[in-house]
Structures are given as structure tokens and as C-alpha cells.
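A.B. asks: for reference, the sequence and a predicted model appear below.
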Amino acid sequence: MDANKLLAIVCVSEMLMESSSSSEDSEEDDNKKIFALASVIRETHPRQTGYLSVIMEYSNSDFWRHFRVSQATFNYLLRFMEKNKFRSEITYYGGYEPLSNSEVLLITLQYLGNQGAIRLLADKFDRTESSIWNAIEWVCNFLFKHQSCFIKWPVETEMPYIASKFKDKCGFPGVVGAIDGCHIPFHPLFADQKSYRNYKKFHSFVIMAIVLYDGTFSYVFSEFPGSSHDSYIFHRSSLYNKLNNRCSSMFNPRRYHIIGDSAFPIQQWCLTPYKKGTNGITRSQRTFNFKLSATRMVVEHSFGELKNRFRRCQNVYAKIDKAVNVVVSSCVLHNICIQKGDINRESYCHIPLHCNVIPNHCDQR
């Protein structure tokens with residue numbers, strides 16, 4: 001705003017303030033005029049500029065460090081989004097240029113891959129905070145909607161190959177998936193804090209997943225509060241109903257099975273470790289438990305990979321519906337990265353996985 005316009009607004013405001021009136025309505029009218037005049041002054045905040053040009057100069061390594069995916073994976077994602085009509089109609093009403101699909105994806109990847117505040121992203125991309133939130137919501141909603149394109153239960157003809165790859169790990173036969181639950185720390189409303197407080201004394205919700213031999217998620221189920229037991233969540237999942245009622249349509253339960261820890265129910269299609277009774281367990285049972293546990297570790301490694309690559313999953317500041325979208329979107333991206341050979345370049349040994357929901361139900365060896 002130029003100096004002359006600002007001076008005119010100040011002079012008019014002073015005139016209104018100096019004028020006195022005994023009428024209460026007149027005072028109210030004066031206040032409305034002052035607020036109306038003040039509203040034309042646009043609040044501005046200095047921000048960085050030219051960051052998108054800087055990104056163009058990033059090496060492959062630098063691009064990965066900032067956005068947690070390779071440039072090839074980013075280009076694949078962008079093509080997939082545009083092919084599936086992501087924001088196919090963008091209307092420009094004047095003012096700031098609208099966010100491009102490329103910029104929207106860059107913003108979301110940097111949000112998912114880091115724990116920085118939204119205001120830092122707004123400053124970096126020279127956008128308002130509301131625009132940053134909109135970009136994140138658009139992409140996460142899109143990935144959540146299209147999760148079935150990347151998180152798939154394998155078809156029956158793939159089961160022999162999957163079982164052989166699992167057997168190559170530790171010699172445990174017939175495995176077509178490893179199941180476990182993982183806590184995602186987040187910050188619920190005060191009224192909901194009790195139900196979301198888990199046994200480790202922090203607030204979380206649980207993501208339950210089945211993982212294949214290569215670390216990809218074949219099934220994801222989320223939203224239950226951190227106080228819920230793995231078994232309780234599993235019994236209320238759509239997958240449990242299918243396995244319990246129509247398992248033969250998914251795989252032959254006499255030949256194949258999923259494996260889990262002692263928190264899960266033992267079924268013909270689900271194997272868990274032997275529990276140590278009063279007389280202990282036999283040597284063969286101990287060997288069984290060891291091989292099952294070693295094979296099952298792939299699911300915990302996947303949770304560690306997820307939290308290390310997309311670090312927003314380590315602590316989500318959002319309402320539960322948006323927090324679930326963030327985590328499921330991260331699972332989708334996790335699968336895409338594995339399918340595209342986009343390996344994680346950092347170790348995640350220091351990251352707490354929070355995989356075992358109830359400590360008393362760990363594997364007995």
C-alpha cells in the first residue's frame with residue numbers, strides 16, 4: 001500500500017475518533033467505519049523467495065534428504081496424480097499464483113518427511129500457512145483414496161512365491177504375511193485423552209498392518225486409540241472377517257498362514273508362538289518360536305522404515321481423521337518407494353517403534 005493511501009486512512013480514522021456523539025448508535029457506526037477502513041490494510045510478512053528454483057539445482061542426494069524420496073519417485077508420483085485427475089481444474093482468481101501440482105507434492109513430501117512447523121514450510125515456499133495446510137490435505141486425501149492401487153492383498157497365484165521368499169529368511173514354511181500393530185504418537189483433544197493414552201503413558205493411535213517378505217504393506221488398518229489391544233483391533237478389522245469367514249477365497253489355510261506375536265489369536269490361518277506354561281516349553285517349541293519370531297521381524301522393520309523415512313509418523317499434530325490420512329498416505333508412499341527401488345539411505349536403529357501394544361504378550365522363546 002502506498003504512503004498517500006495509508007495517510008488518508010489514518011486521517012479519516014482520527015477524524016472519526018475526534019467526533020463525539022451522545023447517540024450510542026452513532027458510536028457503533030463510527031467503530032464499524034474504523035474497522036472497515038483498517039481492514040483494507042493488508043497484513044504482510046516477509047518470506048523467503050526462489051526456493052523452487054533452488055530445488056531444481058538439488059543433486060539426487062540432496063533431493064532425497066529434503067523430500068525423503070528420489071527424483072525418479074517424485075516424477076512417478078506426479079505423473080500418477082495427474083493421470084488420475086488430481087486437481088484437474090485449477091481456477092485462478094487473481095493475486096498469488098495458484099499452487100501447481102508439483103509444488104503441492106513437494107510441500108506434502110517435505111511435511112511428511114520432517115517434524116518442522118507449518119510456518120517454516122510457509123516461509124520456505126513463500127505461501128500462507130493456510131495454503132500449506134490445503135496442499136497437505138489435498139495430497140493425503142488423494143493418496144488415501146487411491147491406497148488400493150499400492151496396498152494390495154496378493155492374489156492366490158502369488159502365494160507360492162511369497163511363501164518361498166519368507167522361507168528363505170529363516171526356514172519357516174507357508175508364511176504369506178506378518179502382522180503387528182504400531183503406536184503412532186499424536187495429540188488428541190482433552191476429552192479423548194484417556195482413551196488414547198497407552199500403556200507406555202503417552203497418547204497414540206494404533207496402525208495395524210500385514211507386511212510381505214519385501215517390507216511392503218499388503219493391508220493397513222488404523223484409527224483405534226492407543227489403549228486398545230492388538231487382538232481387539234484385529235477382531236474388528238475387515239481382514240479378520242474375511243479370513244474368518246472366507247479364508248479359502250484368499251489362500252489355502254491348510255498350506256499358508258499369516259504369523260503374529262502372542263497378542264493375536266491362534267487360528268488355522270494365523271500362527272503365533274507357543275506360550276511358556278508352568279512346565280516351560282520343549283526344545284522343538286523353542287525352535288519354532290525362534291524361527292517364527294525371526295521371520296516376523298520384517299513387520300517391525302517396515303514400521304521402523306516408515307517412521308524413519310516419513311518422520312511425521314513419529315509425532316502427528318492433527319485431529320484423528322487427518323492423522324490417520326497422514327499415516328496411511330505415508331504407508332502408500334512407503335510401498336511406492338520399495339516398488340521403485342527407492343531405498344532408505346539412513347539407519348533407523350535409534351527410533352522407538354512402539355510395536356508391542358501390551359508388554360505381557362511378547363514372544364516366549
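C.D. replies: That came through fine.
A.B. asks: any buried residues in the one helix or strand Phe288 maps to, and which?
C.D. replies: Assigned by DSSP states H and E, Phe288 belongs to helix 283-309. For helix 283-309, burial by neighbour count (16 or more other C-beta atoms under 10 Å) applies to 285-286, 288-289, 291-293, 295-296, 298-300, 302-309. All C-beta atoms are positioned from the backbone trio N, CA, C, and that covers glycine.
A.B. asks: same check, this time on stretch 233-242
C.D. replies: Across stretch 233-242, burial judged by 16+ other C-beta under 10 Å covers 233-234, 237, 239-240.
A.B. asks: could you do stretch 157-164 as well?
C.D. replies: Within stretch 157-164, the residues that count as buried by 16+ other C-beta under 10 Å are 159, 162-163.
A.B. asks: show me what the mean pLDDT comes to for it.
C.D. replies: Stretch 157-164 comes out with an average pLDDT of 96.
A.B. asks: can I get that stretch in PDB? Just the C-alpha atoms.
C.D. replies: Output in PDB follows, covering the C-alpha atoms of stretch 157-164 (Å, rounded to 0.1, in the frame of the first residue of the first chain):
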ATOM      1  CA  THR A 157      -1.400 -67.400  -7.700                       C
ATOM      2  CA  GLU A 158       1.300 -65.300  -5.900                       C
ATOM      3  CA  MET A 159       1.100 -67.200  -2.700                       C
ATOM      4  CA  PRO A 160       3.700 -69.900  -3.500                       C
ATOM      5  CA  TYR A 161       6.300 -67.400  -4.500                       C
ATOM      6  CA  ILE A 162       5.600 -65.200  -1.400                       C
ATOM      7  CA  ALA A 163       5.800 -68.300   0.900                       C
ATOM      8  CA  SER A 164       9.100 -69.300  -0.700                       C
END
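A.B. asks: now the end-to-end length of stretch 241-252.
C.D. replies: 16 Å (C-alpha to C-alpha, to the nearest Å).
A.B. asks: which residues touch it?
C.D. replies: Here stretch 241-252 makes contact (C-beta atoms under 8 Å, 6 or more residues apart in numbering) with 153, 156, 159, 176, 253, 258, 267-270.
A.B. asks: of those, keep whichever come out buried.
C.D. replies: Using 16+ other C-beta under 10 Å, the buried ones in the contacts of stretch 241-252 are 153, 159, 176, 253, 258, 269-270.
A.B. asks: can you tell me which of those lies closest to Gln110?
C.D. replies: Nearest to Gln110, judged by C-beta to C-beta, of the buried ones among the contacts of stretch 241-252 is Trp153 at 31.3 Å.
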